[in-house]
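**Student:** With the sequence up front, the predicted model follows.
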Amino acid sequence: MASDHRPGARGKACRAPSAGGGGAGVKIAILFDPGAADWTPEDIRGVMKAVDEIGTIFGTKGHKIRKIPVRHDMRWFQTARRADLVFNLCEGVHGKSEWEEHVVGTLEFAGIPVTGASLWTLAACRRKPIANSLLQQAGLPIPRWTVAQGKIDDAFPLPAIVKPAAEDASAGVDRGSVVSDRKTLRARVAAMTEQFDEVLVQEYVGGREFNVGFVGNRVLPIAEIDFSRMPEGAWPILTYAGKWEIGSPDDLGSVPVCPAAVPQKLADRLVRIADLSWRTMQGKGYGRIDLRLDDAGRPWVLEVNPNPDLNDDAGLSRMAKAAGWDYAELVRRIAEVALREAQGAKAARELLAPSRRPRATRTA
């Protein structure tokens, strides 16, 4: 959606895919983070679920698939650079999210077509103070915020939510994240600064929460998080447990609903705000914008999320199903967007064309 100065636009000078869909197939490398020392087997299974499913989708169409774990030794790059397309599922290296954009930057610098967002978008969106500043400059509604450095202004509105300034996937967000008095605010900031380099304090917006998804230029049906079943006394927010600990009280209490039941006028307003947010952050590939309504029904932008979770049971896939796409169609469209941007429409059609026979998958 951004202009041609983006790194992805330079890829148009790259090589074309090696062969047609009806012949030898397209070479697709799927990148992923193999994990850190403290990852559980369940953590690793969660990553590999999407890797394996996406590999199967393209493998059954006759394309040549390599599943490549990304490590600091850079051996992954020697394999990835020979691919016609890199399907990027790497959200960090050894569990460190700050390395995510470096992987994408390496691929962009080499002119290799890659799915999802650019280095610039990933880096800017992960650093919430930078993203908030850019969004505010574009005239978008952002709840009042500050980076916790020493004393918080006594005039800062409460309740407020305290969270890491440079993490994603709800890391560092739990039931104690929302504070309603100055003493609790000070205690929460002190506890968070011991764990994270920077801490963001932001005015809490207490109304309905919505998600607007994008794949290329396509806006997906709006989703809503229903917090009506949250445990008594818990703030209606999407915590880390609610997002990742299946069966936990926070998970059971935060139920996604798609499509959301919203009047058309509100839906149009949410989409307009989300679209400008996505374009402001130079979003491309696929992404999700999170918004909330205040007591007066006004939407506020919470976060811009490039490359959100692509598992079949995740939010973007749920929105795609509401649009009439199955999971395989969502995956194909994400790949098509990347190849179309790098190589043009012909290469994208090449990817989607079925081959004569499926090919085996290899893991680097």
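**Tutor:** Here it is on my side, so go on.
**Student:** so where's this structure shaky on pLDDT?
**Tutor:** Applying pLDDT under 70 to the chain flags residues 1-24, 345-364.
**Student:** where does the one residue sitting closest to the centre of it land in three-state SS?
**Tutor:** Nearest to the geometric centre of the chain sits residue 308, at 2.1 Å (C-alpha atoms, centre = their mean). Counting by DSSP: H, G, I helix; E, B strand; the rest coil, the backbone at residue 308 sits in coil.
**Student:** and residue 281, how many neighbours?
**Tutor:** Residue 281 has 27 neighbours, counted by other C-beta atoms under 10 Å. C-beta here means a position set from N, CA and C on the backbone, and glycine is covered the same way.
**Student:** again with residue 286
**Tutor:** Neighbours of residue 286 using other C-beta under 10 Å come to 26.
**Student:** host element of residue 117?
**Tutor:** In the assignment (DSSP states H and E), residue 117 maps to no helix and no strand.
**Student:** I'd say it and residue 307 touch.
**Tutor:** Yes. In this structure, residue 117 is within contact of residue 307 by C-beta atoms under 8 Å, at 5.3 Å.
**Student:** residues shared between the contacts of those two?
**Tutor:** Taking C-beta atoms under 8 Å, 6 or more residues apart in numbering as the criterion, residue 117 and residue 307 both touch 285, 287.
**Student:** For these two, indicate the residue with more neighbours.
**Tutor:** Each of residue 117 and residue 307 has its neighbours counted (other C-beta under 10 Å); residue 117 has more, 28 against 25.
**Student:** Residue 92 versus the more buried one, what's the distance?
**Tutor:** 14 Å (C-beta to C-beta, to the nearest Å).
**Student:** Residue 48 now?
**Tutor:** Counting by C-beta to C-beta - residue 48 and residue 92 are separated by 15 Å.
**Student:** For residue 241, which residues are in contact?
**Tutor:** 174, 248, 249, 250, 251.
**Student:** which of the residues you listed has the most neighbours?
**Tutor:** residue 250 (23 neighbours).
**Student:** wait, isn't that residue in contact with residue 230?
**Tutor:** Yes. With contact defined as C-beta under 8 Å, residue 250 and residue 230 form a contacting pair (7.2 Å).
**Student:** For stretch 105-114, list every residue counted as buried.
**Tutor:** 105, 106, 107, 108, 111, 112, 113, 114 (16 or more other C-beta atoms under 10 Å).
**Student:** Show me the two of the residues you listed that sit farthest apart.
**Tutor:** For the buried residues of stretch 105-114, the maximum inter-member distance is 14.5 Å, found between 105 and 113 (C-beta to C-beta).
**Student:** count of neighbours near residue 332?
**Tutor:** For residue 332, using other C-beta under 10 Å, the count is 19.
**Student:** how about the helices in the stretch 101-250 of the chain?
**Tutor:** Ranges of helices in the stretch 101-250 of the chain, per DSSP state H, counting those that start in this stretch, are 119-126, 128-137, 182-195, 240-244, 249-253.
**Student:** mind checking which of those helices is nearest residue 25?
**Tutor:** helix 119-126 (28.5 Å).
**Student:** Which other helices and strands does the closest one contact?
**Tutor:** Counting contacts by 3 or more C-beta pairs under 8 Å, 6 or more residues apart in numbering; DSSP states H and E, helix 119-126 is packed against helix 100-109, helix 128-137, strand 299-306.
**Student:** okay, the ones you listed, which one's buried deepest?
**Tutor:** strand 299-306 (a mean of 23; mean count of other C-beta atoms under 10 Å).
**Student:** Give me the next element, helix or strand, following it.
**Tutor:** helix 315-322.
**Student:** what's that next one in contact with?
**Tutor:** 211, 213, 215, 220-223, 256, 258-259, 286, 288, 308-311, 326-327, 329-330.
**Student:** if you set the cut-off to 10 Å instead, what comes out?
**Tutor:** Residues outside helix 315-322 that contact it (C-beta atoms under 10 Å, 6 or more residues apart in numbering): 50, 211-215, 218-223, 225, 243, 256-260, 286-288, 290, 305, 307-312, 325-327, 329-331, 333-334.
**Student:** ChimeraX command for the buried members of the residues you listed?
**Tutor:** Typed into ChimeraX, the next command selects the buried ones out of the contacts of helix 315-322 (criterion: 16+ other C-beta under 10 Å):
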select :50,211,212,213,214,215,219,220,221,222,223,225,243,256,258,260,286,287,288,290,305,307,308,309,310,311,312,325,327,329,330,331,333,334
